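Engineer: With the input below, show me the fold.
(2 chains)
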There are 2 protein chains.
Amino acid sequence: MPDANFRVRATSESAARVLVKARNFTMIVDEPPNLGGEDKGANPVEYVLAALAGCLNVVGHLVADEMGFKINRLEIDVYGPLNPARLFGKSYEDRAGYKEITAEMKVDTDADEETLEEWAKSVEDRCPVSDNLGNPTPVRVLAKEFEKV
Amino acid sequence: MPDANFRVRATSESAARVLVKARNFTMIVDEPPNLGGEDKGANPVEYVLAALAGCLNVVGHLVADEMGFKINRLEIDVYGPLNPARLFGKSYEDRAGYKEITAEMKVDTDADEETLEEWAKSVEDRCPVSDNLGNPTPVRVLAKEFEKV
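Structural biologist: Numbering: from 1, shown residues only, chains lettered A, B, ... in the order given. Below is the predicted model:
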């Protein structure tokens, strides 16, 4: 299959908030007041968890279909700890991001426990978001000035 | 600083869509029809890019403050290529996620080019989301059945 290209464009609305356009969708990413924002949307690291939950749902249903069992109901709790010290420039001991991320997939299904374990492994392997979090991805951050008129 | 814990809870609404709750916020993650959804929200890998954009905005403003220059305007384009073959179980040659991610930060500022380059490096280092994408993060995907009544 050929590569698919995804893209978003974000406009800064404040030091803590962006308006993000992805195709015809608009997302607001902000911070709560204790992290310097006005709490008009979920914050960046919550967006990461939402992305993982959405991905696990899609891949979870695909893989269950392939394995021949039905998901009647699915809830996914995603959480992780993060030390904001590096973000704030207070200490460089800990990494900036989540130290680990856990996704608990609660399923209503007739599949047995062994099948569910095999399913979870395959889902984790094939989910783009868990791949990008679990394994290194080259990230380039480029800065340039707007073209001067 | 102590670790902060972040958490979301997602409820599957279809094989492609989840409703995600993060504190008082609700996010809808879906897929376009060609990826099996009904296009009621941005898709999981677009959420990843939105998370990165939001994070770069927050850290970008923090670091600019520290470095003593002002950001008058900021736009961030984030994009990357991804081969969906592994997700669909058609080929395991490529990784599941983005092969690379580029974030172009366009800034209106009086800082010079050298300062902006130093800024971009520091922002990338201190942004939780670019850390979680650029470096490996332990991800655990657990599956269990809902408690039977």
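Engineer: who are the neighbours in contact with A:Glu75?
Structural biologist: Residues near A:Glu75 by C-beta atoms under 8 Å, 6 or more residues apart in numbering or on different chains: A:105-106, B:9-12, B:146. For the C-beta atoms, the positions are set from N, CA and C on the backbone; glycine is no exception.
Engineer: could you redo the last one with a cut-off of 6 Å?
Structural biologist: Going by C-beta atoms under 6 Å, 6 or more residues apart in numbering or on different chains, A:Glu75 touches A:106, B:11.
Engineer: any idea which helix or strand carries it?
Structural biologist: Using DSSP states H and E, A:Glu75 sits in strand A:71-82.
Engineer: which of the residues in that strand are buried?
Structural biologist: Of the residues in strand A:71-82, A:71, A:74-80, A:82 count as buried by neighbour count, 16 or more other C-beta atoms under 10 Å in any protein chain shown.
Engineer: tell me which of the residues you listed is nearest to A:Gly54?
Structural biologist: Distance to A:Gly54 across those (C-beta to C-beta) is lowest for A:Ile76, with 8.9 Å.
Engineer: Hmm, A:Ala53 and that closest one touching each other?
Structural biologist: Yes - with contacts counted by C-beta atoms under 6 Å, A:Ile76 reaches A:Ala53, the gap being 4.6 Å.
Engineer: shared neighbours, the two?
Structural biologist: Listed as contacting both A:Ile76 and A:Ala53 by C-beta under 6 Å, 6+ apart are B:Ala10.
Engineer: how about the buried residues of strand A:71-82 in CSV, adding pLDDT and distance to A:Lys40?
Structural biologist: What follows is the buried residues of strand A:71-82, written out as CSV (pLDDT from 0 to 100; distance: C-beta to C-beta, whole Å):
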residue, pLDDT, distance to A:Lys40
A:Ile71, 97, 34
A:Leu74, 98, 29
A:Glu75, 98, 26
A:Ile76, 98, 25
A:Asp77, 98, 24
A:Val78, 98, 22
A:Tyr79, 98, 23
A:Gly80, 98, 23
A:Leu82, 97, 21
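Engineer: tally of neighbours for A:Asp65?
Structural biologist: When neighbours are counted by other C-beta atoms under 10 Å in any protein chain shown, A:Asp65 registers 12.
Engineer: Likewise for A:Thr115?
Structural biologist: 16.
Engineer: Do the host helix or strand of it and chain B come into contact?
Structural biologist: Element membership of A:Thr115, judged by DSSP H and E, is helix A:113-126. Yes - using C-beta under 6 Å from any C-beta of the partner chain, helix A:113-126 reaches chain B at A:116, A:120, A:124, A:126.
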